[in-house]
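# Output the structure for:
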Amino acid sequence: MGFCEHCEGQRFDRAQVLRQLRQTRARLRDEGTACTADEALQLAIKSVRALEIPHLEPVDDWMEETTDDQVVH
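Purely as a prediction, here's the structure:
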């Protein structure tokens with residue numbers, strides 16, 4: 001079983017965002033900078049916005065493919 005290109009892209013994007021958030025958290029800890037929750041969230045949002053995440057449109061004809069593999073969408 002596999003994932004359609006759109007869903008596979010979303011899984012990859014989610015992994016990128018989580019990795020970026022973890023790096024931001026580690027950076028804040030390492031710097032030892034005291035900040036408010038609002039400031040921490042602003043830094044997290046800024047770091048995620050800096051990612052280059054393409055937008056993939058779902059393809060309607062993916063269901064028309066005839067393969068033995070199941071595709072999850």
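
# for residue 35, what are its contacts?
28, 43 (Cβ atoms under 8 Å, 6 or more residues apart in numbering). All C-beta spots, glycine's among them, are computed from the backbone N, C-alpha and C.

# Using the three-state scheme, assign it.
Assigned state for residue 35: coil (three-state reduction, DSSP: H, G, I helix; E, B strand; the rest coil).

# Please tell me how far residue 19 sits from residue 26.
Counting by Cβ to Cβ, to the nearest Å, the gap between residue 19 and residue 26 amounts to 11 Å.

# One more: residue 43?
Going from residue 43 to residue 26 by Cβ to Cβ gives 12 Å.

# More neighbours: the two, which one.
Between residue 43 and residue 26, residue 43 has the larger neighbour count (other Cβ atoms under 10 Å), namely 17 against 10.

# Nearest residue to the more buried one in space, please, no chain neighbours.
The shortest distance from residue 43 to any non-neighbouring residue, by Cβ to Cβ, 6 or more residues apart in numbering, is to residue 24 (5.8 Å).

# again, but for residue 20
Using Cβ to Cβ, 6+ apart, the closest residue to residue 20 is residue 47 (5.2 Å).

# Which strand or helix spans the one you found?
Assigned by DSSP states H and E, residue 47 belongs to helix 37-49.

# helices or strands up against that helix?
Applying 3 or more Cβ pairs under 8 Å, 6 or more residues apart in numbering; DSSP states H and E, one finds that helix 37-49 contacts helix 5-31.

# Just the angle for the helix it packs on relative to helix 37-49, thanks.
Taking axes from the mean of the first three to the mean of the last three Cα atoms, to 10 degrees, one finds helix 5-31 and helix 37-49 inclined to each other by 130 degrees.
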